[in-house]
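Trainee: I'll drop the sequence and a predicted model, then ask my questions.
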Amino acid sequence: MFEGFEKRRVATTGAEINLRLGGQGPPLLLLHGYPQTHVMWHKIAPALAERFTVVAADLRGYGDSSKPPGGESHENYSKRAMARDQVEVMAALGFERFAVVGHDRGARVTHRMVLDHPDRVEKAAVLDICPTKAMYERTDMAFATAYYHWFFLIQPYDLPERMIGADPDFYIEHKAGAWGRVPGSITPEAMAEYKRCFRDPAVVHASCEDYRAAAGIDLEHDAADLDKKIACPLLVLWGAKGVVGRTYDVLEVWRERAHEVSGRALDCGHYLAEEAPEDTLAALMSFL
């Protein structure tokens, strides 16, 4: 995976970020989702690298990036802190302005990034999410059943950590099966990486801190910025067979948050870049 890409590790204000760097052309940052790592981009990153300088990074707390303490209010896993990491990474690599594509948690980091750092982001794409605040506010039984992990992972330390840590391999396999709709789309090599990382109790804890922040300090930040709209062009993609597509009018929700929104559903579940790599790549290439 990632043949021809260089491994890098970049120190930021609050973390050390692990990444892969490859290709030539305008800079493009790729941010992964839960419970994955930068490896989730392995099917499309080589093709993107033919046109762009691709930076596929692990979010703080995930993969081989560092796992700082969460802080009293989980502020070190706020999307503000996680977005700042990635802006600093891109600056350290020499990129003051760039495009960004985020999936799942990475898309929530992307949403905060375009609000906090509008001068840094030329274009943004978010994959298979609606804004965190909107999803919490519209929670019903169907959503809570499908996204039970939103409410499980925010429980106080160390209940979810102990339960996941009892059998992390099973947990990862269950998540892949529950959210994916294309059997075999997560390759054995990628699955091995996700399992390797989740066997580390520090990753399990950090990922819980990420969700705890989302249910607390992130909502405070979002509420304070309700009058802000995303200034750059925004592409929204989602899985037609996934929860987000079934539950929301995705484009309508994002048009409440951004000036210029385009996008569509792809014929897959949650893991767009792994389940529908050709369609995901085509949509991103056209937009970028």
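Mentor: Alright, I've got the coordinates.
Trainee: State the number of residues packed around D227.
Mentor: 5 (other C-beta atoms under 10 Å). Placement of C-beta: from N, CA and C, glycine included.
Trainee: Next, it: secondary structure please.
Mentor: coil (DSSP: H, G, I helix; E, B strand; the rest coil).
Trainee: Check the gap between it and L115 for me.
Mentor: Look at D227 and L115: by C-beta to C-beta, to the nearest Å, they are 11 Å apart.
Trainee: And for L235?
Mentor: For L235, the distance to L115 - C-beta to C-beta - is 17 Å.
Trainee: just D225 next, same as before
Mentor: D225 is 5 Å from L115, by C-beta to C-beta.
Trainee: These two: which has the busier surroundings?
Mentor: Higher neighbour count among D225 and L115: L115, with 21 against 15, using other C-beta under 10 Å.
Trainee: does the more buried one count as helix, strand or coil?
Mentor: Taking three-state DSSP, the label given to L115 is helix.
Trainee: dump the residue contacts of it.
Mentor: Applying C-beta atoms under 8 Å, 6 or more residues apart in numbering to L115 gives the contacts 225, 228, 230.
Trainee: for E256, same thing?
Mentor: Counting by C-beta under 8 Å, 6+ apart, E256 has contacts A134.
Trainee: Which pLDDT value belongs to it?
Mentor: On pLDDT, E256 comes in at 96.
Trainee: okay, the contacts of L115 in CSV with distance to P188 next?
Mentor: Shown next, in CSV, are these (distance: C-beta to C-beta, whole Å):
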residue, distance to P188
D225, 42
K228, 43
I230, 37
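Trainee: so which of those residues comes closest to C197?
Mentor: Closest approach between the contacts of L115 and C197, by C-beta to C-beta: I230, at 30.5 Å.
Trainee: number of nearby residues for that closest one?
Mentor: For I230, the count of nearby residues is 21 (other C-beta under 10 Å).
Trainee: Double-check it against P131; I have them as touching.
Mentor: No. With contact defined as C-beta atoms under 8 Å, I230 does not reach P131; the gap is 10.1 Å.
Trainee: so what sits against both of the two?
Mentor: By C-beta under 8 Å, 6+ apart, the residues touching both I230 and P131 are 111, 257.
Trainee: Where do the strands of the stretch 101-250 of the chain begin and end?
Mentor: For the stretch 101-250 of the chain, the strands defined by DSSP state E, counting those that start in this stretch cover 121-127, 234-239.
Trainee: Show me what the longest one pairs with in its sheet, parallel or antiparallel.
Mentor: Partners of strand 121-127 in the sheet, by DSSP bridges, are strand 98-103 (parallel), strand 234-239 (parallel).
Trainee: contacts for that strand?
Mentor: Against strand 121-127 from outside (C-beta under 8 Å, 6+ apart): 33, 97-104, 107, 110-111, 113-114, 230, 232-238, 254, 272-273, 280, 284, 287-288.
Trainee: so how far is that strand off the chain centroid?
Mentor: 12 Å (C-alpha atoms, centre = their mean, to the nearest Å).
Trainee: and what of stretch 58-67?
Mentor: Relative to its chain's centre, stretch 58-67 lies at 12 Å (C-alpha atoms, centre = their mean).
Trainee: Just the endpoints, please. Distance across it?
Mentor: 11 Å (C-alpha to C-alpha, to the nearest Å).
Trainee: so what's the residue of the chain positioned farthest from its centre up against?
Mentor: Among residues of the chain, the one most distant from the C-alpha centroid is A166; the distance is 25.1 Å, by C-alpha atoms, centre = their mean. A166 sits next to no residue when contact means C-beta under 8 Å, 6+ apart.
Trainee: okay, T145: pLDDT?
Mentor: 95.
Trainee: How about the contacts made by it?
Mentor: Counted by C-beta under 8 Å, 6+ apart, T145 has zero contacts.
Trainee: Repeat the analysis, applying 10 Å as the threshold.
Mentor: V243 (C-beta atoms under 10 Å, 6 or more residues apart in numbering).
Trainee: Next: S78.
Mentor: 70-71, 84, 109, 112, 209-210, 212-214, 216-218, 220-221.
Trainee: give me that answer again for 6 Å
Mentor: If a contact means C-beta atoms under 6 Å, 6 or more residues apart in numbering, then S78 has 213, 217-218 as its contacts.
Trainee: From the chain's centroid, how far away is the helix or strand hosting M285?
Mentor: Taking DSSP states H and E as the criterion, M285 maps to helix 277-287. Taking the mean C-alpha point of helix 277-287 and that of its whole chain, the gap between them comes to 17 Å (C-alpha atoms, centre = their mean).
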